[in-house]
Structures are given as structure tokens and as C-alpha cells.
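S.K.: mind looking at a prediction? Sequence and model below.
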Amino acid sequence: MDLNTSVGFVPKRVLIAPLNWGLGHASRSADVVMSIQASHPETEIVLASDGAAAEWLRLQFPTLKLFELPGYAVHYGKGKSVMPAMLLSAPRILRGIYREHRFLQRLIRREEIDLVISDCRFGLWSSLCTTVFITHQLELQPPGGIHSFASRIANYINRFFIKRFHHCWVPDLAEQPGLAGALSHPGTLPHNCRYIGPLSRFKWIGASTNQHLDEGLQLLCIVSGPEPQRAMFLQLLLEQLEHLPVPTTVVAGTPGTSTCKQAPPHVKLMPHLPDEALWHAIQHARLVISRPGYSTIMDLWYAGGKMAFVPTPGQTEQEYLALLLEQQGIAGYAQQADLNLKKLIEQSDRYSGFNGCHT
């Protein structure tokens, strides 16, 4: 990543701050961190986030300074739709944006930061230094594709914040439909936006490695996302795997913790897998089951293989992406309420998967 080309200068100190909604924003920010380290070793990098994302960054980059940012305190709820919980959380989200903006202003002065790269943290714009916003959601997709007054308001607010930043990097292919379809390819591209290609931590995995994994691995389940839906998805997977005797690895998405859940003998339940181990688990698995979070999709696009997606109930972005990839014949798709792992495995040959582009 050539910062001189991307932002017009090479900073002395850059702050990279991903959103803490699941681990996807943190994991794709790792690509940005390592790209800058490789291209500009003279630039000092500091990190900022909160919650599980901050813990993941600590494990990934133990030598880098990390600041705790105020969180958005979003709770998704246990219902079939996350929309009511999101609407109720709106005041907290706006307060969180305001708090992190004030926090950033103080941090820029105290730490002498001259570039901020924010992955979907809306409050991290500033007039004190150059700021970059990373997002694949330039055109939010409303529930069921119905363009309502509420969706127009949501898109107006989204664009309002994006335009506060000096630059917006879109992690997708410029040619439509890319990986995110209409999400990242609006009718009119905002003036400060440019496509930078998909981001993936897997770009930095060595092509040759001695990682040893079970060659008989049939199923890899990657659990992620905010609570309580993450825990509910994990429980549902374990219940079905009890009656599906195929060699399976389940990654619970809880870095820095030890899992206390019981798993069937044929299931290896891991709280977290380091990047290299996860890369090889994907390579060996017959099928990957996961949420269709965009960062997961970018990782799978890079790694290759077959996958089936189970969107977080009511999360319209994930539902849109899962349906898009199913319609393209790339990946299987199941609603959480109708999840049948055996059926997804049996139908996996219908889908092409991603070819992978690791070199």
C-alpha cells in the first residue's frame, strides 16, 4: 500500500481503528497494518478499538500500542430481526460516535498522529489531520429490497459521515458487481471514494508452511458477530453436529478466552485460530459454514474453496450478500431458522465456490 499515492504523503504516525462489531473489521484491518509495515517501515503504527476487536488486535500485534476507544454499546437481541434492537440502539450509537470523535481529537494532539484510518468508525474524522474511512457499504440495502423513507434517511446519514473524511477506501473490485454488488457500487460514487481491492489477512500467509491439520476435515464452522447472536449460532451448530458424525472444526470467535462448551467427540471446538491455522483449515475443509460478513467473504475469496452462508437473522447486509452469492452459483445459503447442516453438505456440489488468488 503506497500511502504517498493513496493519501498524498507518508505519515510519521498513523492510527488504525476498526469497529468492534464482530471480528471482521479488525481482521481486515490487519491487511492494512501489514501493508503499511511492508511499504513504509519508517511509519509508526498505533491501534485503537474496544471489546473483542481490541483483544484480537492485541493477539495479532502484541508489539503495537493499542488505545481503548469508547464503544457503541449495540445489543442485537434474540429475535428473528435485529432491526428493532438497532433502532433502540440508535441513540447509544450516536453518543458513541460523538464520544469517539472527542477522544480522537485529544489523541491526535497527545500522540502527534498525522493520519487516521478508520474501518467503519464514523466518529474518527478530524480537521487536525488527514482521515480515511474504510467501508464497502456505500449504498445500504433495505429489508427485502424495499426502498422506504427510513432506508433513504439511513443512506443520507451514511453518506453524511463518509463525506466528513478526506478519503474513503472501498475494499472491493472496481468492476461490477465485485464481491459486494450494489452495496459497494452505487449509482454515483462519492467524490472522495476509491476502490482498493478486497482486503484479507490471508495475503500475508506464507505459501509454504508446516501447519499440520487433520486431512480428513469435512466441515469448518466459523462463528462470528455480535452477541447474543454469535452464541446462539454456536449453540445451534453444536446441537446439529451432535447428530452429524463428520470430522468438524468449529471456531467459536472468542479470542483471548477458553471455551467451556461441550462438543461431540468428532468436533474440535476452538475459541480462536491464528491466521495460519485458519488458512489451512479452510484449505482442508470440504465445506465452510459461516456468517456472510463481508470480511469473511473477502477472506474466502482469497483462500478459495466452497462455502455456505447463514446470515444473522434480520441483518439485511448479510442477507443481501448471501443471496447475491447464491444467485451467482458461488455459495449455499440458509436462513438460521431453517438451518440443516446435512442438507448444506449434500448440496455443496451445486456451487462453484471461490477459486482463490493466493500466490
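M.R.: Nice, I can see it.

S.K.: give me phi/psi at His272?
M.R.: His272 has phi and psi values of phi -160, psi 150 when expressed as degrees, to the nearest 10.

S.K.: swap that for Cys168, please
M.R.: Backbone torsions of Cys168, given as degrees, to the nearest 10, read phi -130, psi 120.

S.K.: list the residues that contact it.
M.R.: Applying C-beta atoms under 8 Å, 6 or more residues apart in numbering, we find Cys168 in contact with Val132, Phe133, Ile134, Thr135, Ile162, Pro190, Asn192, Cys193, Arg194. In short, each C-beta sits where N, CA and C put it, glycine included.

S.K.: now do it against Ser6, distance only.
M.R.: Using C-beta to C-beta, to the nearest Å, one gets 11 Å for the distance from Cys168 to Ser6.

S.K.: likewise Leu287?
M.R.: The gap separating Leu287 from Ser6 is 37 Å, by C-beta to C-beta.

S.K.: got it, and Gly71?
M.R.: 28 Å.

S.K.: same deal with Thr43?
M.R.: 12 Å.

S.K.: please apply the same query to Leu47.
M.R.: 19 Å.

S.K.: re earlier: and the buried ones among the contacts of Cys168, selectable in PyMOL?
M.R.: To isolate the buried ones among these in PyMOL, judged by 16 or more other C-beta atoms under 10 Å, type:
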select buried, resi 132+133+134+135+162+193
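
S.K.: about what we covered before: ok, Leu287 and Ser6, which is more surrounded?
M.R.: The residue with more neighbours, out of Leu287 and Ser6, is Leu287; 25 against 15, by other C-beta atoms under 10 Å.

S.K.: all helices for the stretch 51-200 of the chain, in order.
M.R.: Assigned by DSSP state H, counting those that start in this stretch, the helices in the stretch 51-200 of the chain fall at 51-60, 83-111, 149-162.

S.K.: deepest of those, which one?
M.R.: Among these, ranked by average contacts under mean count of other C-beta atoms under 10 Å, first place goes to helix 51-60 (a mean of 21).

S.K.: what's that one in contact with?
M.R.: 18-20, 22-23, 25-27, 29-30, 47, 49, 64, 66, 68-69, 71, 253-256, 272, 275.

S.K.: keeping just the C-alphas, turn it into PDB.
M.R.: Provided in PDB are the C-alpha atoms of helix 51-60 (Å, rounded to 0.1, in the frame of the first residue of the first chain):
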ATOM      1  CA  GLY A  51     -14.000  -5.200  23.200                       C
ATOM      2  CA  ALA A  52     -13.300  -8.400  21.200                       C
ATOM      3  CA  ALA A  53     -11.800  -6.400  18.300                       C
ATOM      4  CA  ALA A  54      -9.200  -4.900  20.600                       C
ATOM      5  CA  GLU A  55      -8.400  -8.300  22.100                       C
ATOM      6  CA  TRP A  56      -7.900  -9.700  18.600                       C
ATOM      7  CA  LEU A  57      -5.600  -6.900  17.700                       C
ATOM      8  CA  ARG A  58      -3.600  -7.400  20.900                       C
ATOM      9  CA  LEU A  59      -3.100 -11.100  20.000                       C
ATOM     10  CA  GLN A  60      -2.200 -10.200  16.400                       C
END
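
S.K.: wait, Ala180 sits on Gln318?
M.R.: No - using C-beta atoms under 8 Å, Ala180 is not in contact with Gln318; the gap is 11.4 Å.

S.K.: of these two, who's got more company?
M.R.: Ala180 (27 against 22).

S.K.: what pLDDT does the closest residue to the more buried one other than its chain neighbours get?
M.R.: Excluding its sequence neighbours, the residue lying closest to Ala180 (C-beta to C-beta, 6 or more residues apart in numbering) is His136, at 4.7 Å. His136 is assigned 96 on the pLDDT scale.

S.K.: neighbours around His136, how many?
M.R.: Counted with other C-beta under 10 Å, His136 comes out at 26.

S.K.: Gln328 now?
M.R.: 12.

S.K.: backbone phi and psi for it, please?
M.R.: phi -80, psi 0.

S.K.: wait, what's in contact with it?
M.R.: Per C-beta under 8 Å, 6+ apart, neighbours of Gln328: none.

S.K.: what's the distance between it and Gly353?
M.R.: 11 Å.

S.K.: shaky segments in the stretch 201-350 of the chain?
M.R.: Scanning the stretch 201-350 of the chain for pLDDT under 70 picks out 206-216, 258-260.

S.K.: let me see the ranges of the helices in it.
M.R.: Going by DSSP H, counting those that start in this stretch, the stretch 201-350 of the chain shows helices at 229-241, 275-284, 294-303, 316-327, 341-346.

S.K.: which of these sits most buried?
M.R.: helix 294-303 (a mean of 25).

S.K.: the inter-axis angle of that helix versus helix 275-284?
M.R.: If you take axes from the mean of the first three to the mean of the last three C-alpha atoms, to 10 degrees, helix 294-303 sits at 70 degrees to helix 275-284.

S.K.: which other residues reach helix 294-303?
M.R.: Residues outside helix 294-303 that contact it (C-beta under 8 Å, 6+ apart): 23-25, 27-28, 136, 171, 179-180, 183, 198-203, 222, 224, 279, 282-283, 288, 290, 307, 317, 321, 325, 354, 356-358.
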